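A.B. asks: Sequence first, then the predicted structure, then my questions.
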Amino acid sequence: MSSGNLQPIQGMSDLSAPEIRLWQEIEGKARRILSLYGYEEIRTPVLEYTSVFTRSIGDATDIVQKEMYTFEDRGGRQISLRPEGTASVMRYAAGLGPEAEGLRLYYIGPMFRCERPQAGRKRQFHQLGSEMIGQASPAADVETLALQMHLLSSWGLEGCSVEINTRGLPEDRQAVAEGLAAALQPHREALCEDCRRRFDANILRILDCKKDACKKIADGLPPVTDFMSEASRQYLDEVKRLLDLLNIPVRLNPRLVRGLDYYVHTVWEITHGALGAQNAIAGGGRYRMEMDGRTIDGVGFAMGLERVVSALQAALQGQAPVAGERPVWLVSMGQKAFEENMVLAQTLRLRGLSCGFNLTPGSMKSQMRAANRAQAAQAIIRGDREIESGAFLLKNMADGVQQELDMPALLNTLLDSRIDPAHTPAKAETTNPAGSP
Ligand code: HAM
């Protein structure tokens, strides 16, 4: 195997400690908060029939046209690695029929898009997303945004900006396309090559072109709401009113389009200043999809976890990373002590204490070296003398202080030293004679 084969595929990464601890902390907090809002986890397959994505995300979108990993399986079926989670969840919900109404589901997992890799843009990345099925009301959209803001603040991620817009009802699409075409016609030749193609295929996407010339033209256009029905405008007004009620600050961006065709009514994007060019930390909105002849509505969002982690790392700069649990290391002098230590390791782990030992013990020096490598907080040293007397020599690795303890005292000391002060009830509470309610 050449050394090139030891690297993951371009645009994909191995995730390992210490970074993975931050991921676990983020995911743990998210699961707790999602459950406060009534969401349950769903795990859908990473491979789906390609048609699950093409029809819902849209044939003319960048994702479907250029970014999906699509291939034939051994049975000649067209399948794709999921580029996002919404379509799969809707496939699942459509299969449930009317039972799905009101379901709240969330997912955490890898997504795949064969985009040009750059900082913040991966070919395998991870999304944390939620979908609420049915419930077509502005209140559902606003509750979803409130959940997202709650997640961001629980992670300590300050400084996010939220932009919202509306895609209107599907019935408005024709009028929006015609209105934009009329407004853009005089500028058609000045548009970039991609946008000249979009003019006929997907005119709305011209609004979020990143090229300066196109941006300037888009800035001069009337807002898309001008071409929409009264019902669509009222829906947006109600969303804005409820966002105000919950004190969620957003900026209305009439150019916000989102790169997926399934959206109706509210769409939004959340960005973070620490992220550079790929600054979208999350996107979401209300949508309507056709799945096997069934129409299914929902509202949801997805956050890019790599980007959440990068923004958090920038915010945490200078602060200690999340520490792993520091084990106690069992050091054995002789075969008898080694076997007794194997038994002791089981006892400690069953009590919830992290511990380790050299599986082939060797010298005292080599075992202490292993203890340091494992960043052990303490070592328990046992030889024939300790085994015979039932004593345990406990050594604090930081200051070298040793104490000889019996089994109950050893357990108490280890358990005490593992208590996280942040989670210990204050003394006044525990000794309060009135007791707490
Ligand atoms: P999206 O905007 O395509 O929306 O992706 C959501 C988030 O995933 C982005 O804001 C970004 O943080 C992250 N992301 C996307 N592509 C990449 C990439 N190549 N590398 C790293 N991170 C990336 C959706 O996927 C919709 N399904 C969201 C949704 C759920 N709408 C309704 N429900």
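C.D. replies: That came in fine, so what should we check first?

A.B. asks: what's around residue 119, how many residues?
C.D. replies: Using other CB atoms under 10 Å, residue 119 has 10 other residues around it. (C-beta placed from N, C-alpha, C; glycine too.)

A.B. asks: Just confirm it contacts residue 279, I think it does.
C.D. replies: No: the criterion here is CB atoms under 8 Å, and residue 119 misses it with residue 279 at 10.7 Å.

A.B. asks: For residue 191, see how far away the closest residue to the ligand within the chain is.
C.D. replies: Residue nearest to the ligand within the chain: residue 304 (2.3 Å; CB to the nearest ligand atom). Distance of residue 304 to residue 191, computed by CB to CB, to the nearest Å: 29 Å.

A.B. asks: and these two? which has more neighbours close in?
C.D. replies: Set residue 304 next to residue 191 and count neighbours by other CB under 10 Å: residue 304 wins out with 24 against 20.

A.B. asks: who's the more buried one bridged to?
C.D. replies: As for beta bridges, residue 304 partners with residue 127 under DSSP bridges.

A.B. asks: how close does it sit to residue 89?
C.D. replies: 17 Å.

A.B. asks: One more: residue 67?
C.D. replies: 19 Å.

A.B. asks: The two: which has the busier surroundings?
C.D. replies: When residue 67 and residue 89 are compared for neighbours, residue 89 comes out ahead with 24 against 18, by other CB under 10 Å.

A.B. asks: what about the more buried one, which SS state?
C.D. replies: helix (DSSP: H, G, I helix; E, B strand; the rest coil).

A.B. asks: Just give the nearest non-adjacent residue to it, would you?
C.D. replies: residue 131 (4.7 Å; CB to CB, 6 or more residues apart in numbering).

A.B. asks: what about that neighbour, neighbour count?
C.D. replies: 26.

A.B. asks: Could you report the distance from it to residue 85?
C.D. replies: In terms of CB to CB, residue 131 sits 8 Å off from residue 85.

A.B. asks: again, but for residue 40
C.D. replies: Taking CB to CB, one finds residue 40 at 14 Å from residue 85.

A.B. asks: Between the two, which has more neighbouring residues?
C.D. replies: residue 85 (23 against 10).

A.B. asks: Can you name the residues of this structure that neighbour the ligand?
C.D. replies: Contact residues, the chain versus the ligand (CB under 6 Å from any ligand atom): 84-86, 113, 115, 121-122, 125, 127, 129, 131, 260, 280-285, 287, 300-304, 306-307.

A.B. asks: From these, which land in strands?
C.D. replies: Counted as lying in strands by DSSP state E, out of the residues of the chain next to the ligand, are 125, 127, 129, 131, 280-285, 287, 300-304.

A.B. asks: what's the most distant pair in those?
C.D. replies: 125 and 287 (20.6 Å; CB to CB).

A.B. asks: Surely residue 326 and residue 375 touch.
C.D. replies: Yes: counting by CB under 8 Å, residue 326 does reach residue 375; the two are 5.3 Å apart.

A.B. asks: Show the end-to-end separation of stretch 60-69, please.
C.D. replies: 16 Å (CA to CA, to the nearest Å).

A.B. asks: Which parts of that stretch count as buried, going by neighbours?
C.D. replies: For stretch 60-69, burial by neighbour count (16 or more other CB atoms under 10 Å) applies to 61-64, 67-68.

A.B. asks: With stretch 100-120 instead?
C.D. replies: Of all the residues in stretch 100-120, those buried under the rule 16+ other CB under 10 Å are 100, 103-109, 111-115, 120.

A.B. asks: of the residues you listed, closest to residue 32?
C.D. replies: residue 106 (11.7 Å).

A.B. asks: what sits against that closest one?
C.D. replies: 30, 34, 39-42, 128-131 (CB atoms under 8 Å, 6 or more residues apart in numbering).

A.B. asks: cool, and residue 277?
C.D. replies: Residue 277 neighbours (CB under 8 Å, 6+ apart): 118-120.

A.B. asks: Count residues in the vicinity of the residue nearest to residue 342 when sequence neighbours are not counted, would you?
C.D. replies: Counting by CB to CB, 6+ apart, residue 342 lies nearest to residue 357, which is 7.5 Å off, once chain neighbours are set aside. By other CB under 10 Å, 22 other residues sit near residue 357.

A.B. asks: from memory residue 357 sits against residue 328, does it?
C.D. replies: No: the pair residue 357 / residue 328 is not scored as a contact, 9.5 Å apart, by CB under 8 Å.

A.B. asks: could you pull out the helices for the stretch 1-150 of the chain?
C.D. replies: Listed in chain order, the helices of the stretch 1-150 of the chain (DSSP state H, counting those that start in this stretch) span 19-36, 50-57, 62, 86-96, 138-154.

A.B. asks: show me where pLDDT drops low in the chain?
C.D. replies: By pLDDT under 70, the weakly predicted segments of the chain are 1-4, 318, 419-437.

A.B. asks: In stretch 326-337, which residues are buried?
C.D. replies: 327-333, 337.

A.B. asks: distance between that stretch and the chain's centre?
C.D. replies: Its chain's C-alpha centre and that of stretch 326-337 lie 40 Å apart, by CA atoms, centre = their mean, to the nearest Å.

A.B. asks: need the contact list for the residue of the chain closest to the ligand.
C.D. replies: So residue 304 contacts 125-127, 280-282 (CB under 8 Å, 6+ apart).
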